[in-house]
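Participant: When you get a sec, could you give me coordinates for this:
(chains A and B)
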Protein chains: 2
Amino acid sequence: MKILFKNADVLLRNDDKYEVLDGAFVGVNDDKIDYIGAEKPIEKYDIEKDMSGKLLMPGLYNNHTHVAMTLLRGVGSDLPLQKWLFDTVFPIEDKLDNYRVGVGSELAMLEMLAGGTVSFTDMYFLLDDEYEKVINSGMKANISRCVQCFDPNENPEDNFRIKESLDYYNRYNNSADGRVKVDFSIHAEYTTAEHIAKYYIDRCNELKGNMHIHVSETKSEHLECIERHGMTPTQWLEKLGAFSLNVNMAHCVALDDNDMEIIKKYNATVSHNPTSNMKLASGFARIPKMLDMGINVTLGTDGTASNNNLNMFEEMHLASIIHNGFNNDAELMKADEVIKMATLNGAKSQGRAECGEIKVGNKADIIAIDMDKPHLFPALDKKALITYSAQDSDVCMTMVDGKILYENGEYKTLDREKIFYDVNKIVSEIYR
Amino acid sequence: MKILFKNADVLLRNDDKYEVLDGAFVGVNDDKIDYIGAEKPIEKYDIEKDMSGKLLMPGLYNNHTHVAMTLLRGVGSDLPLQKWLFDTVFPIEDKLDNYRVGVGSELAMLEMLAGGTVSFTDMYFLLDDEYEKVINSGMKANISRCVQCFDPNENPEDNFRIKESLDYYNRYNNSADGRVKVDFSIHAEYTTAEHIAKYYIDRCNELKGNMHIHVSETKSEHLECIERHGMTPTQWLEKLGAFSLNVNMAHCVALDDNDMEIIKKYNATVSHNPTSNMKLASGFARIPKMLDMGINVTLGTDGTASNNNLNMFEEMHLASIIHNGFNNDAELMKADEVIKMATLNGAKSQGRAECGEIKVGNKADIIAIDMDKPHLFPALDKKALITYSAQDSDVCMTMVDGKILYENGEYKTLDREKIFYDVNKIVSEIYR
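Facilitator: So this is what the prediction gives:
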């Protein structure tokens, strides 16, 4: 199928900056972009779509989330952390199974596709159905079964989480033409015994790939690791050889300068989760410094129990403004940098070389913003509109690998009614 | 006209907390709420509106803005403050006139009504058309012509801004059945000579009413006032007798403890503008402390050149989370408090006793949230959904004084096409 978008304003990357080409044409051939230009291409396309008044931009990458937590959306908001975790989150998570996690992830995909997210990096458990549902949805995702260990004497070969993680890798990695990848994952230093982490990292290094970890989310977690190991979580990961993998480090609120040097040296990724860090009072990750150092910083929503949505426009907005406020410097965060964090940097973190940018030869992961809204008018600075004014509800089309998965409220691959029905049933069962 | 909303989930206030009454009835008679209950009222209504799947809540109060700055939406974003002000904002504002300010305010009302704002507190200049347009729109507003003085030797009686302010008061205060009020306004301490402020405050005190002022928006403004006057802006206002009026103090980022005591003593209002304070790097107002003291704290967007939208759901979201992040305390800001800031506290600040709450006898300023959205599902905690998940685009109906002004994308009193046409024309003229 060849689709030609016409009369579109197109957000393109040029010399490390974004610029908007107005009234342009973008051609999609199968799963790839094959034309971008101000003139209509000579070649014929099967379908021409008039995008007047729409802005085409690369689809968004939610680079740290736990999507099935839609089933726990907002439970225990405003409770203290321990009470929230032990009295609400854990007892509900105990009632999850593969089916329920699958349905929760479908609900998340409804939300993500409607908001312009084309790919997400997920960490959770009981993933059998989730992998299948994501494959069927047409979305992209890097999904990991996180490894934990609460028994210091456990034999690594008996750790069922490691077995599941490696099993998922064998079954699903690079399935659906590479749309679905299986990441490895250590939940966090504080939830894993060192010998288990070491054994697992060694297995992962034999296979190569991506590793997804919570790192220094809070000051106390960071300091407790230093007490336990005499080193920071980042140093600990370096010691265990994790950085031979393509590492995605979520939160990174409490990193020290040396941690950042290590991250830069190994070309690892920091996933910044501003809403979650504010809501849970974790604090302000030193994102401006990381960006200055050239670290690959991405954006994520975290799960919906600590956010409480999967809205990447909110993350872009927060990332654009909170660091200015915290550092008393109105020039710190620029629209150019924030848009790149939400798109190209996310694709890089997921190991997707031909993604994250509207460019000839790239995968056609394109979203359309309906600019005919009072809050996006007048359009004096379209880049600033994206980061400071636009809402995820302004997304009117989400295309992944050349297939339109969402358009004007309609889902092409997901059955909204059935998913809502299934979620209602699960909620009535698990919140009894 | 008597309208009955049926099958609605209704956000009610009870014992200083909000609670949701599910599947309820709300009756509106002319401009007032005359029934709330789980049972259908016996009395007949002219129209019954089925609100299944909708949540009714009090309309939002944007308690600090400069609405006509929609004409400058996002200009100079990411520029340093001085360059932004002197090279972009001021030269464009020089080209404004009554007509242009009126059209800019109409564009703002399109955005505000679609996002559930029923009333706004505006500070600007060239307001003749704006007053007329707001009266015709059906919205509520407290609008002020701000007083400034850049000539230390000016005779107060010659200050044309004071004359205009008092003239607007005489012409428009409490017009349109009290929907439109004329506030007094001193722009800020640093833009006004003391003898001018004193003269003006004395005139205002003869008339009584509301006073709207920028106060301690930045640390430097606060410290420079201490250098000039030996006192803080709040102390300076107290010395000049401003607090005999109902004072609305915008920003208040750099207040000291004594300032807060003064504000509490006089029962004045602090308008918190989190987006603007973050974007312009002003810093974190000490909102949790002010709330603890019982100060009337409200929310505002500021103008769209420093935000860049008029989205009160974004302000609620930010107010809910950034103070937790800044103070490392996840329990600081609660949904109950934030919803009250955006509704009841705003109404109080505007001097509207029968507004800001869904209550029998109150003015019918009601908005409906369409809860049938993936990001608002499952609805395990509806109050948390409002502050942490909902978007202004979820508003499907906005009613002011019993009249529906916006419903499902349609405006009943504003001509969206004409306003867009007029704005486009003005933009082509002022950005030449």
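
Participant: Near chain B, which residues of the stretch 151-300 of chain A are found?
Facilitator: Listed as neighbours of chain B in the stretch 151-300 of chain A under the rule C-beta under 8 Å from any C-beta of the partner chain: A:219, A:275, A:277-284. For glycine as for every other residue, the C-beta is placed from the backbone atoms N, C-alpha and C.

Participant: wait, which of these is closest to residue A:357?
Facilitator: residue A:275 (25.0 Å; C-beta to C-beta).

Participant: Would you agree residue A:211 falls within a strand?
Facilitator: Yes. Membership of residue A:211 in a strand is supported by DSSP: H, G, I helix; E, B strand; the rest coil.

Participant: Could you report the neighbour count for it?
Facilitator: 23 (other C-beta atoms under 10 Å in any protein chain shown).

Participant: got it, and residue A:53?
Facilitator: For residue A:53, the count of nearby residues is 17 (other C-beta under 10 Å).

Participant: leaving aside the residues next to it on the chain, what's closest to it?
Facilitator: Nearest residue to residue A:53 in three dimensions, chain neighbours excluded: residue A:372, at 4.6 Å (C-beta to C-beta, 6 or more residues apart in numbering or on different chains).

Participant: With residue A:64 instead?
Facilitator: Sequence neighbours aside, residue A:300 is the residue nearest to residue A:64 in space, at 3.0 Å (criterion: C-beta to C-beta, 6+ apart).

Participant: now the strands for the stretch 51-200 of chain A?
Facilitator: All strands of the stretch 51-200 of chain A, identified by DSSP state E, counting those that start in this stretch, fall at A:54-58, A:60-65, A:117-124, A:140-145, A:180-182, A:184-188.

Participant: Would you map out the domains in chain A?
Facilitator: A:2-58+A:362-411, A:60-349 (automatic domain parsing).

Participant: what's the most buried one of those domains?
Facilitator: Mean neighbour count (mean count of other C-beta atoms under 10 Å in any protein chain shown) peaks for domain A:60-349 among these, with a mean of 22.

Participant: circling back: tabulate the domains of chain A (a markdown table), appending mean pLDDT.
Facilitator: Below are these laid out as a markdown table (pLDDT from 0 to 100):
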| stretch | mean pLDDT |
| --- | --- |
| domain A:2-58+A:362-411 | 97 |
| domain A:60-349 | 96 |
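
Participant: I'd like to know which of these lies nearest to residue B:214.
Facilitator: Nearest to residue B:214 among the domains of chain A is domain A:60-349 (16.8 Å), distances taken as C-beta to C-beta.

Participant: residues contacting residue A:272?
Facilitator: With contact set as C-beta atoms under 8 Å, 6 or more residues apart in numbering or on different chains, residue A:272 has these partners: A:251-252, A:285, A:287, A:297-300, A:315, A:319, A:341.

Participant: try residue A:112
Facilitator: Residue A:112 makes contact with A:62, A:67, A:120, A:139, A:310, according to C-beta under 8 Å, 6+ apart.

Participant: could you redo those as JSON lines and give each row distance to residue A:78?
Facilitator: Output for the contacts of residue A:112, formatted as JSON lines (distance: C-beta to C-beta, whole Å):
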{"residue": "A:62", "distance to residue A:78": "24"}
{"residue": "A:67", "distance to residue A:78": "23"}
{"residue": "A:120", "distance to residue A:78": "26"}
{"residue": "A:139", "distance to residue A:78": "32"}
{"residue": "A:310", "distance to residue A:78": "20"}
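
Participant: Dump those residues to CSV, plus distance to chain B.
Facilitator: Putting the contacts of residue A:112 into CSV (distance: C-beta to the nearest C-beta, whole Å) gives the following:
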residue, distance to chain B
A:62, 13
A:67, 12
A:120, 14
A:139, 14
A:310, 7
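
Participant: what's the farthest-apart pair in those residues?
Facilitator: A:139 and A:310 (12.0 Å).

Participant: what's the overlap in contacts for those two?
Facilitator: A:112, A:120.

Participant: what's in contact with stretch A:7-20?
Facilitator: Contacts for stretch A:7-20 (C-beta under 8 Å, 6+ apart): A:21-26, A:36, A:50-52, A:54-58, A:335-336, A:339-340, A:344, A:357-359, A:368, A:371, A:382-383, A:386.

Participant: filter those residues down to the ones close to chain B.
Facilitator: Restricting the contacts of stretch A:7-20 to those touching chain B (C-beta under 8 Å from any C-beta) yields residue A:335.

Participant: Let's see which of the contacts of stretch A:7-20 end up in helices.
Facilitator: Counting by DSSP state H, these place A:335-336, A:339-340, A:344, A:382-383 in helices.

Participant: May I have the residues that are in contact with the residue lying closest to residue A:68 once chain neighbours are set aside?
Facilitator: Leaving aside its sequence neighbours, residue A:68 sits nearest to residue A:104 (C-beta to C-beta, 6+ apart; 3.4 Å). Contact analysis of residue A:104 by C-beta under 8 Å, 6+ apart lists A:67-71, A:96, A:423, A:426.
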